[in-house]
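In: Sharing a model prediction with you, sequence too.
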Amino acid sequence: MPLPVKKSSPAKKSVSRKAPARADRPFKGIALILLSTIFLGTSDVTSKYLSATLPSIEITWIRFLVFALIMSPAMLPGSPLFALRTGRVGLQFLRGATLLGSSLFFISGLGFLPIAEASATGFVSPLFVTALSIVFLGEKVGLRRWIATALGLIGVLIILRPGTSAFHAAAFFPLLSAFCWASTLIMTRMISGRDAAITTMTYSAITGFAIMTVMVPFAWVTPTWHDILLGILVGVASTAGQWIVVLAFRYADASVLAPFSYTQLLWVSLLGYFIFGEVPGVWTITGAAFIVASGLYTAHRERIRRSQLLTVPGEPSPNA
């Protein structure tokens, strides 16, 4: 009599969705990052337009409401897209809070500053990433990258011109936004390889919407249908832009993609001119040139550092 065959138990579901394997297709990554700047620039310009009638808290709430609705299939336990399983819940919520801070502070600044100036100032986030990566990622930063960081800070001072009549206190908003975005990137690196992009984005949507829902009653202004439609555009465009960025990083390293992200400055400057009649001044253009040069050089050094790590065992060069 044959022995009964024991049925194998179904494989236990993994705790979290794993990030898909990367593919080395840099041109596709570059194309995606260029596409993302159009969506993100559209979101920023529309947010500035809305800031004339709605408070920044309400604009941000609408933005995250749309974000949460788009990601809702990933929140339902019975859905095949369910993506809330993670071993790093606390870090995911903290990342969502810093992403929210980045959006809220930037939109707050748009109500007072020309969009080109706010956007150029916001691009100093790589400087903050350099500093934060030492503390939280244990990275070694060499003299050349510190010089590039100093160059970017000079660009910020050129744009803001503190101590002169041109300085506006609202200029601190895009700086705070850049710091929050840098913190978001650091935590993204800490999560990378553990959770899939859909998991990270779902937690970001939940966190931002929950926090803003508590805050929005204190600043509520009844929106018109026109405001609501523009708010939906902000939410859709920003969500699409973020998702395309995530896709771009599947095909190329950050050091390859970073230079092309600066094309967003071009889009917002053009839209700012045609919609608001804003012409970037010589100080803004000069400061932006310093910031972009700093970012490009930092990306260049990052590419060299990564190549050294791949080819030479041990520590990276101290001059990276």
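Out: Looks like it came in fine. Numbering: from 1, shown residues only.

In: okay, CA-based contacts and neighbour counts for the rest of this
Out: Noted.

In: Okay, now the unreliable bits of the stretch 151-300 of the chain?
Out: 162-167, 254-255 (pLDDT under 70).

In: in it, which spans are helices?
Out: Secondary structure of the stretch 151-300 of the chain (DSSP state H, counting those that start in this stretch): helices at 172-191, 197-215, 225-248, 254-261, 263-276, 282-311.

In: Looking at the ones you listed, which is nearest to Gly78?
Out: helix 197-215 (15.3 Å; Cα to Cα).

In: related to what we said a few turns ago, got the helices of the stretch 151-300 of the chain as a markdown table, with mean neighbour count columns?
Out: Shown next, in a markdown table, are the helices of the stretch 151-300 of the chain (neighbours: other Cα atoms under 10 Å):
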| stretch | mean neighbour count |
| --- | --- |
| helix 172-191 | 22 |
| helix 197-215 | 21 |
| helix 225-248 | 20 |
| helix 254-261 | 18 |
| helix 263-276 | 18 |
| helix 282-311 | 19 |
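
In: Would you format those as a markdown table with distance to Ile159 included?
Out: Below are the helices of the stretch 151-300 of the chain laid out as a markdown table (distance: least, Cα to Cα, whole Å):
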| stretch | distance to Ile159 |
| --- | --- |
| helix 172-191 | 12 |
| helix 197-215 | 30 |
| helix 225-248 | 26 |
| helix 254-261 | 20 |
| helix 263-276 | 14 |
| helix 282-311 | 5 |
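
In: of the ones you listed, which approaches Thr46 most closely?
Out: Nearest of these (Cα to Cα): helix 225-248, 6.3 Å.

In: Now that closest one - C-alpha only, CSV.
Out: C-alpha atoms of helix 225-248 as CSV (Å, rounded to 0.1, in the frame of the first residue of the first chain):
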residue,chain,number,x,y,z
TRP,A,225,-15.6,74.2,-8.6
HIS,A,226,-12.8,75.9,-10.5
ASP,A,227,-10.6,75.6,-7.4
ILE,A,228,-11.6,71.9,-6.9
LEU,A,229,-10.7,71.0,-10.5
LEU,A,230,-7.4,72.8,-10.3
GLY,A,231,-6.7,71.0,-7.0
ILE,A,232,-7.4,67.7,-8.6
LEU,A,233,-4.9,68.6,-11.3
VAL,A,234,-2.3,69.3,-8.7
GLY,A,235,-2.9,66.0,-7.0
VAL,A,236,-2.9,64.0,-10.3
ALA,A,237,0.2,65.8,-11.7
SER,A,238,2.2,65.5,-8.5
THR,A,239,1.3,61.8,-8.0
ALA,A,240,2.1,61.0,-11.7
GLY,A,241,5.4,62.9,-11.4
GLN,A,242,6.5,61.1,-8.3
TRP,A,243,5.6,57.7,-9.8
ILE,A,244,7.5,58.4,-13.0
VAL,A,245,10.5,59.4,-10.9
VAL,A,246,10.3,56.0,-9.1
LEU,A,247,10.2,54.2,-12.5
ALA,A,248,13.2,56.2,-13.7
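
In: in the helix or strand in which Ile147 is found, what's buried?
Out: Assigned by DSSP states H and E, Ile147 belongs to helix 143-160. Neighbour counts over helix 143-160 (16 or more other Cα atoms under 10 Å) mark 145-146, 148-156, 158-160 as buried.

In: And for stretch 81-98?
Out: Buried-residue list, stretch 81-98, by 16+ other Cα under 10 Å: 81-86, 91-98.

In: which non-adjacent residue is nearest Ser125?
Out: What sits nearest to Ser125 in space, not counting adjacent residues and going by Cα to Cα, 6 or more residues apart in numbering, is Ala178, at 4.6 Å.
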